[in-house]
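Q: structure, please.
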Amino acid sequence: MVQFIFQIMGGTALLMYGVDMMGEGLERMSGKMMKKILERLTGKLWKAFLAGIFLTALVQSSTAISVLSVGFVNSGIMRLSQAIGIIYGANIGTTITAQFMALSFSFNLIQLSLPIIAVGFIFKIAGKTHKLQNAGHSIMGIGFMLLALMILNEGIPYMENNASIRYFFEHYASNVILGILIGTVTTALVHSSAATVGIVILLGNAGLISLTTAVILMLGDNIGTSVTALVASINGNTNARRTAWGHALHNIIGVLIALPFLPLFVKLIEYFTLSVQGSTNIQLQIANSHTIFNIIVALIFLPLNKYFVSLLMTIVKDKEAKDGRKESYLDKLLLDTPVAALDASLRELRRTLTHNKDMLNATFENILKDTTESSAEVSVMEKDVISLQKELTKYMISLSKRTLSEEQSISLPGVIKGAKYLERMANHTSHLMSLQIQRNDKEMFFTEEALKELDNLRNMLNEMYEKTCENLNHHEEDNLMRIRELDISMDRKVAKYSDNHVLRLEEEKCTMEASLIYLEILQTLERISGYLYKIAKLCRYELKGIAAPLE
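A: Prediction:
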């Protein structure tokens, strides 16, 4: 009895670990490709649906695909209807693991678990490239998954001979309501639908449950797999909560649709498995039931997607942050998918850069018109940037605790640097406003020539802001060269304008006090220019996952 309990506990834990390890390695190998494919999904719903199937089948992580979709909806690249379409496809793609487990029994692959682990270990340790090392990580995950199935399979004879266990499966698990509840709770607890389906396949293969019971448990498994995301989205942003609710309602409604047709569905699975695969093996039937159920539900929902999205938008209302700002892209739900978390961080940097530009222009309007009307607004904007810098740094620290690729490990401190540069730029802009307040209070006037010089510098900085924002979105060498030229030109013009002002002072066209403020404004603008160039260089190196050369 004790040995059996240890086998069940250890085998289940190893199965979950193997599934996670396999998905983790595949996700690391395909992170960039996933992002590129999803970024191009700006068209039809069916494209999103097919991409969801393909990408989830490739990386075996419906969570990763769903989370990336949330990130793109947040940024406006993708509509919510497309993200929901991806979820329909992801539910189908994730069933490939169950198909593999079923085939592993048919071809007795579980006996090869240890050699597969050994091969994966060699790739992981001896691989000279990160792709080979990640491939080894995935292969080891497959090996652990097969080893877990072998360990769990060894406990089957005990279960077959135990009257209490057989009674439980015959009288409780076969009950529709209890069976769905068992499947839901079990999957929600272990956070892995593939693991619970694997156990159901084992039970069916041992004759402990019928195909009907297996289908009932599978229906519960489909509901349970959406519980984790639903709980995780509680404190998330609007799009994260809508996506999580979309996943959950899609599965729940699908189960409710299937229940009246359960006997007919079981016959369909038996007929399909016999006709297509020429087999009556229950493990194949269980895997097929998992795949076919999700295909049928997706085909029902696709034509009704517009109404389903409207329902989600009604259930989950738009909300704003407590301080009135737009919701942050930095959702905790994204942290377990580093490629999505870093993408969200870049979007937050880009939005904050635009915020800084607005802050600078508001300050310049006050300087050129000699007023202080925007002083309170600029102060609030500075606080927003400081808050973002702290929030983004904490977010990166949380992300650093996840498993990252080499490129992601380089990008992470780059994001922190970018946030710090933005904060310093906001501080300098706030300092400009304080200089303007001082000038206005003491009624110190600038000459028309001085104001034209400042307006010229503002135009240069605005161009630098625009080019830097473009490079945060997609790096272009031409933009970087232009920003560098503008930074050098800024240094030269500040030096020239400083000399011009000294001549004006000698000609007594302005006062000494006004002169000191003007020169301080020039130096502050030069510092802002320097930080913009630093951010542009981050776009060329760290933010792209490339180590910056030593200067």
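Q: output the below-cut-off pLDDT ranges for the stretch 301-450 of the chain.
A: Within the stretch 301-450 of the chain, the stretches with pLDDT under 70 are 319-327.
Q: any idea which helix or strand carries the spatially most central residue of the chain?
A: The residue lying closest to the centre of the chain (CA atoms, centre = their mean) is Ala340, at 2.7 Å. Ala340 is part of helix 338-369 when elements are defined by DSSP states H and E.
Q: next helix or strand past that helix?
A: Counting by DSSP H and E, what follows helix 338-369 is helix 375-400.
Q: buried ones in that next one, by neighbour count?
A: 375, 378, 381-382, 384-385, 388-389, 392, 395-396, 399 (16 or more other CB atoms under 10 Å). Any C-beta I mention is one placed from the backbone N, CA and C, and that applies to glycine too.
Q: go on, stretch 103-122?
A: Buried residues in stretch 103-122 (16+ other CB under 10 Å): 104-105, 109-110, 112-113, 116-117, 119-120.
Q: now stretch 20-37
A: Buried-residue list, stretch 20-37, by 16+ other CB under 10 Å: 20-31, 34-35, 37.
Q: and the helix or strand harbouring Lys36, what does it pack onto?
A: Element membership for Lys36, per DSSP H and E: helix 2-39. With contacts taken as 3 or more CB pairs under 8 Å, 6 or more residues apart in numbering; DSSP states H and E, helix 2-39 sits against helix 45-59, helix 62-75, helix 130-154, helix 193-205, helix 338-369.
Q: the shortest one: what's the following helix or strand?
A: Per DSSP H and E, the first helix or strand lying C-terminal to helix 193-205 is helix 211-224.
Q: the inter-axis angle of that next one versus helix 193-205?
A: On the basis of axes from the mean of the first three to the mean of the last three CA atoms, to 10 degrees, helix 211-224 is oriented at 170 degrees to helix 193-205.
Q: related to what we said a few turns ago, just the ones of the buried residues of stretch 103-122 in helices?
A: Counting by DSSP state H, those place 104-105, 113, 116-117, 119-120 in helices.
Q: between those residues, which is closest to Ile139?
A: Closest to Ile139 out of these is Gly120 (3.2 Å), distances taken as CB to CB.
Q: so how far is Asn134 from the closest one?
A: For Gly120, the distance to Asn134 (CB to CB, to the nearest Å) stands at 11 Å.
Q: cool, and Ile315?
A: In terms of CB to CB, Ile315 sits 38 Å off from Asn134.
Q: which one of the two has more residues nearby?
A: Between Ile315 and Asn134, counted using other CB atoms under 10 Å, Asn134 has the larger neighbour count: 22 against 12.
Q: for that one, give me its contacts.
A: 25-26, 28-29, 405 (CB atoms under 8 Å, 6 or more residues apart in numbering).
Q: in those residues, find the pair that's most separated.
A: Leu26 and Ser405 (12.6 Å).
Q: what segments of the stretch 151-300 of the chain are helices?
A: Counting by DSSP state H, counting those that start in this stretch, the segments of the stretch 151-300 of the chain that form helices are 156-161, 163-168, 176-190, 193-205, 211-224, 227-232, 238-258, 262-277, 282-301.
Q: what is the distance between the second one and the centre of its chain?
A: Read it as helix 163-168. Chain-centre distance of helix 163-168: 44 Å, with CA atoms, centre = their mean, to the nearest Å.
Q: CA atoms only for that helix, dumped as PDB, please.
A: Coordinates of each C-alpha in helix 163-168 appear next as PDB, following Å, rounded to 0.1, in the frame of the first residue of the first chain:
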ATOM      1  CA  ALA A 163     -11.900  -3.700  -4.500                       C
ATOM      2  CA  SER A 164     -12.300  -0.200  -3.000                       C
ATOM      3  CA  ILE A 165     -10.500   1.500  -5.800                       C
ATOM      4  CA  ARG A 166     -12.400  -0.400  -8.400                       C
ATOM      5  CA  TYR A 167     -15.700   0.500  -6.600                       C
ATOM      6  CA  PHE A 168     -14.700   4.200  -6.600                       C
END
